[in-house]
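Asks: prediction below, plus the sequence it came from.
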Amino acid sequence: MRHAPLTKASIPAMDAIHRFRKKSFLLTFMFCATVFCVSYRFNYCLTKDFKFSKSKDKSTFIFLDKNLSSYGKDRGTNYEEITTRSPKPCVLKKKEPLSEVRLDISWKEEIPVTAQRSPKYRFLKQQGLKATRKLPDALIIGVKKGGTRALLEFIRVHPDVRAAGSEIHFFDRFYKKGFEWHHMPPTLEGQVTMEKTPSYFVTREVPQRVRSMNPKAKLLIVVRDPVTRAISDYTQAASMGSNGGGGLVDTSWGPVKIGVYARHLERWLHSFPLSQLLFVSGERLVVDPAAEIARVQDFLSLKRVITEKHFYFNATKGFPCLMKSEGSPSPHCLGKTKGRSHPHIDPVAISRLREFYRPFNARFYQLTGINFGWP
Ligand SMILES: Nc1ncnc2c1ncn2[C@@H]1O[C@H](COP(=O)(O)OS(=O)(=O)O)[C@@H](OP(=O)(O)O)[C@H]1O
């Protein structure tokens, strides 16, 4: 193919083409720069406080939130305790009673991206509703290894419940950071805000602290035969490389002391009336979860939305699982650290534990007015 000869007349035409290209390049550049600045500003608001980073254990992600500074470690979730450098308080309305403190937030600025993905939030957004942050109305305070994770996962399926997924440990470990630090998921008017931290039940200072947050707080305690509870705790300790009580019945060993429910309960009863406490049977939560959750819904003044239709028995796991969870429409069982098989324990040690707990159990039945029938 032959090219047209380069003549004097063709030079101005090429100049014009060249100038036009230069101009359109500049215009495109300016347009891209403007789009970049606007989107950076917008996205910065969404992402500035949340980061994911890998922990030492490569399968675990640490959820870093500068506002929170730290989350408790819950073996049932992938959150790990972390501490960050400069905790920044959220924007609080000043001088309101603590129980009514609500953190005003707008969708774009404060709600974490992960929370916005949840079906509940997509729904709220579609409705044009505004959620706020507030301190918890209800707390699952214990007991460790009683079935607290199962209770939380089951109750948070309710549309009127908003719960923190990880253990917050505000009232035992991070109280000094102040109520502004206590981080709960955004909640709509009328929804119940909850958190679960099983160590609250046994921590001396916690009842008074919870009372000073909200004297009307509702408290849920999942209790399980203290002997099985201790074995469950022992199984966990052994799986983490600790030899626990070394196979002996050591009643001064922490996990054994947790099972002396009456002593811990007496402390809570100095700060709260019995009517504000609900005792959930850990055993019944496994055998008949719908019935226990019905009691919980009544206690929290919620409509009985969660029924037996929400559960199925998973034979492989050997436990009831949810037909669908809060975050997903597919069936959901608890993680593999929940419902572990227990090691063989010497029957002599078991009967010594039973003897040890018997008088405390009797006192616990007396205090609660419920006979749990533990052997
Ligand atoms: N549905 C369902 N699925 C799995 N596990 C269930 C369920 N319901 C109750 N449980 C019992 O919960 C026990 C763990 O209790 P917690 O969740 O309170 O443990 S923790 O304190 O948060 O570590 C756990 O104890 P182990 O069996 O010793 O693992 C279970 O017996």
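Replies: Structure received. Residues are numbered from 1 along each chain as shown.
Asks: check which helix or strand the closest residue to the ligand within the stretch 201-350 of the chain maps to.
Replies: Taking CB to the nearest ligand atom, the ligand has its nearest neighbour within the stretch 201-350 of the chain at Ser232, 3.0 Å off. For every residue, glycine as well, the C-beta is placed using N, CA and C. In the assignment (DSSP states H and E), Ser232 maps to helix 226-239.
Asks: which residues does that helix contact?
Replies: The contact list for helix 226-239 (CB atoms under 8 Å, 6 or more residues apart in numbering) reads 75, 143-146, 224, 243-245, 255-256, 258-261, 282, 337, 340, 342-343, 345, 350, 353-354, 357, 360-361, 374-375.
Asks: quick one: buried ones out of these?
Replies: Among those, those buried by neighbour count (16 or more other CB atoms under 10 Å) are 75, 143-146, 224, 244-245, 255-256, 258-261, 282, 345, 350, 353, 357, 360-361, 374.
Asks: still on that earlier bit, give me the neighbour count for the residue of the stretch 201-350 of the chain closest to the ligand.
Replies: Neighbourhood size, Ser232 [other CB atoms under 10 Å]: 22.
Asks: equivalent analysis for Lys303, please.
Replies: With other CB under 10 Å as criterion, Lys303 counts 10.
Asks: would you confirm that it belongs to a strand?
Replies: No - using DSSP: H, G, I helix; E, B strand; the rest coil, the assignment for Lys303 is coil, not a strand.
Asks: ok, now which ones touch it?
Replies: Residues near Lys303 by CB under 8 Å, 6+ apart: 160, 297.
Asks: with Glu308 instead?
Replies: Contact partners of Glu308, counting by CB under 8 Å, 6+ apart, are Ala290.
Asks: kindly provide the distance from it to Ile293.
Replies: 9 Å (CB to CB, to the nearest Å).
Asks: can you list the low-confidence ranges for the stretch 1-150 of the chain?
Replies: Counting by pLDDT under 70, the stretch 1-150 of the chain shows low-confidence ranges at 1-18, 20, 32, 34-128.
Asks: any buried residues in stretch 159-177, and which?
Replies: 159, 161-175.
Asks: got it, and stretch 294-312?
Replies: Using 16+ other CB under 10 Å as the test for burial, stretch 294-312 gives 295-297, 299-300, 302, 306, 310-311.
Asks: which of those residues fall within helices?
Replies: Of the buried residues of stretch 294-312, the ones assigned to helices by DSSP state H are 295-297, 299.
Asks: any part of the host helix or strand of Leu151 near the ligand?
Replies: Leu151 is located in helix 148-155, with elements delineated by DSSP H and E. Yes - residues of helix 148-155 are located near the ligand by CB under 6 Å from any ligand atom, namely 148-150.
Asks: if we can go back for a sec, now, which of the buried residues of stretch 159-177 sits nearest the ligand?
Replies: Nearest to the ligand among the buried residues of stretch 159-177, counting by CB to the nearest ligand atom, is Glu167 at 7.4 Å.
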